[in-house]
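In: Just to be clear, the model below is a prediction. Sequence and coordinates:
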Amino acid sequence: MPDISQSQPRRGFMVYTPAELEDAEFQKPRFLDGDEYIRHPGRILVWGNPGSYKTWWTLSKVVEIAHRGARVLAMLGEGDPHTVRERLRGIAKAQGCHYRELDPNLLVSFDILWLESPEGRQFIQKVIIPCNPDVVLVDPLISYFGLDENNTEDVKKLLQVFNEEFLARGISIMLVHHGRKTGKDVASSPRGSSAFSGWADVELQFEAVREQEGVFCVRTEKRRDDRRIGDPEYMRWEARPEIAGYDLVKIGPEAVKAMQPQKFKQKPASEGPKAMATAERRIRAVEFLQQCGSAGTRIRRFAQAVNCSGTAAQRILEDLYGSNVARPIETETGTVWVLQGADYAPTSVDEKS
């Protein structure tokens, strides 16, 4: 047997004897979220087809992690900044805080660059690392990878950057990717090379539940060093106008028996965005009513603030009235709308509007 007692570690490759293993002070895995998906440091792969709510889930995790005291850098390559801000604000409210309270633990970037390139690695070293994040979210992969995702050697170049620049510094990486849309493996695996799945510590597949707006399931495809795979976990996004927020509600097995999805069949993508746009408009409506306070608002002013027609404004307010969120006040000059429970106090500005 060769004498390895005097050998030196090369490139971080360590060799332990049983006695050394016994004496080594290894730390137990640390998780940054309550569900113990986000290992620190760790490699989390989130994937699913469009409309499967994977980005909503990751944004919820971003807010949760920041609220728990860790620092997150969210690199978001899809979606306009205004929409992202409104969603972060609503998610934070549902979790019991204002998203401004997450400063400086929540950092968001909308810049796009190829992370596997020399310029991308330099950007990581000079810009991202000085931010001192505990977690980096990359959503979606396609916005930050300029090579061929089907070529394993190309993919390994990106994964090597993640390993050397993030994992080696104790930074977790959350990678959001799309599922396959064609071929025999449609929606059954992440798009591109299998190296993505092999690299991940935790792999989560997202699938929308057909005919159930806002409902989706999460399948744990992989959880390294953990036997908690089990059955799919069902969740539902709910708009909560009373707090101008978005809530993520877990649904028990009994509640989903009647809505079990056919395996890998997606809900038409055209339905989800339309419904979410309506929910976001309701959120803006409640926020505007909160700003109006006891003075309330009239239909025309409300429609301008929410950016909709007068007919749509009337429908939104009537819907909020039916949900016991807002109520109409009849005055000599017309109807004024206020939040439920607010004491109406007319002002000269209101009488002119």
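Out: Looks like it arrived, so ask away.
In: where do the strands sit along the stretch 101-250 of the chain?
Out: Using DSSP state E, counting those that start in this stretch, the strands found in the stretch 101-250 of the chain span residues 106-109, 135-139, 172-178, 202-208, 215-223, 233-240, 245-251.
In: quick one, which of those strands is nearest to residue 100?
Out: Residue 100 lies closest to strand 106-109 among the strands of the stretch 101-250 of the chain, at 9.3 Å (CB to CB). Placement of C-beta: from N, CA and C, glycine included.
In: Any idea how far that closest one is from the middle of the chain?
Out: On the basis of CA atoms, centre = their mean, to the nearest Å, strand 106-109 sits 13 Å off its chain's mean C-alpha point.
In: Over to stretch 283-299?
Out: Its chain's C-alpha centre and that of stretch 283-299 lie 28 Å apart, by CA atoms, centre = their mean.
In: for the record, mean pLDDT for it?
Out: Mean per-residue pLDDT for stretch 283-299: 83.
In: Stretch 244-256 now?
Out: The pLDDT scores in stretch 244-256 average 71.
In: if we can go back for a sec, can you list the strands of the stretch 101-250 of the chain in TSV and add mean neighbour count?
Out: As requested, the strands of the stretch 101-250 of the chain are exported to TSV (neighbours: other CB atoms under 10 Å):
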stretch	mean neighbour count
strand 106-109	18
strand 135-139	24
strand 172-178	24
strand 202-208	24
strand 215-223	19
strand 233-240	19
strand 245-251	18
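In: Of all those strands, which one comes closest to residue 285?
Out: strand 233-240 (10.6 Å).
In: and that closest one, what does it pack onto?
Out: Applying 3 or more CB pairs under 8 Å, 6 or more residues apart in numbering; DSSP states H and E, we find strand 233-240 packed against helix 81-94, strand 215-223, strand 245-251, helix 253-256, helix 271-292.
In: 6 Å - rerun?
Out: Strand 233-240 is packed against strand 215-223, strand 245-251, with contacts defined by 3 or more CB pairs under 6 Å, 6 or more residues apart in numbering; DSSP states H and E.
In: Just checking: what are the partner strands of the first one?
Out: Sheet pairing here is set by DSSP bridges, and for strand 215-223 it gives strand 202-208 (antiparallel), strand 233-240 (antiparallel).
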